[in-house]
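**Q** Got a sequence here, can you build the structure:
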Amino acid sequence: PEHGPLPEFFGAEDHRYFHAETAPAELAAPAAVVTGADASAGRRTVTLCLASRRGAAEAVLFLDGARVLHYEVDGCPGEGRGGEDDDWSLWLYGLPAEGRTVTVTVADDGPLRLRLMDRTDGVPPGALPPGDGPPGPALPAPALGSGMLCNATWVSASTALA
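**A** Got it, this is the predicted structure:
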């Protein structure tokens, strides 16, 4: 396996991961549906419904190059991470089947690039060569911190809003 950062998945985070390529698997990408948008006074507000089409309970939304001024999840305002950051992420745990509504207000500096990833424990059936261990979760309990990034299948989708 290789060892290094994965900016195409985790942005500018400086973590290093062991990773290996495998044959592509047909997995449904997470969905980000725009349900509302408004721009005025140098600010842009976008409301999204974020959902996993494969039943993942965890997801992360990245807004690359966006200066987030405010955000809400299901109507509850977020705390911290104001306008000082140009790469923003929101980690969602306990993602219900119907998804979560996320509203973000950003400084209106042009196109908004969204990346959404969802996570399930283990690897898809058939992804491991015979003899490399059983597919599925290796740990019976959830792991916090960078451990939650391991032994997982991440699926991503990205789009740009003009």
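**Q** Just list the residues touching G11, thanks.
**A** Residues counted as contacts of G11 (Cβ atoms under 8 Å, 6 or more residues apart in numbering) are 62, 64, 87, 89, 115. In this view, the C-beta of every residue, glycine as well, is placed from N, C-alpha and C.
**Q** okay but the third one is in contact with D64, surely?
**A** Think D87. Yes: using Cβ atoms under 8 Å, D87 is in contact with D64, at 5.9 Å.
**Q** the more surrounded of the two?
**A** More crowded of D87 and D64, by other Cβ atoms under 10 Å: D64, with 17 against 14.
**Q** which non-adjacent residue is nearest that one?
**A** Leaving aside its chain neighbours, D64 sits nearest to R113 (4.6 Å; criterion: Cβ to Cβ, 6 or more residues apart in numbering).
**Q** ditto for A20
**A** With sequence-adjacent residues excluded and distances taken as Cβ to Cβ, 6+ apart, A20 is closest to P1, at 4.3 Å.
**Q** Now do that neighbour, the pLDDT please.
**A** Looking at P1, its pLDDT reads 75.
**Q** Could you do L112 as well?
**A** For L112, the model assigns a pLDDT of 89.
**Q** count of neighbours near it?
**A** For L112, using other Cβ under 10 Å, the count is 19.
**Q** Correct me if wrong: it contacts W88.
**A** No: here L112 does not reach W88: they are 10.7 Å apart, not a contact under Cβ under 8 Å.
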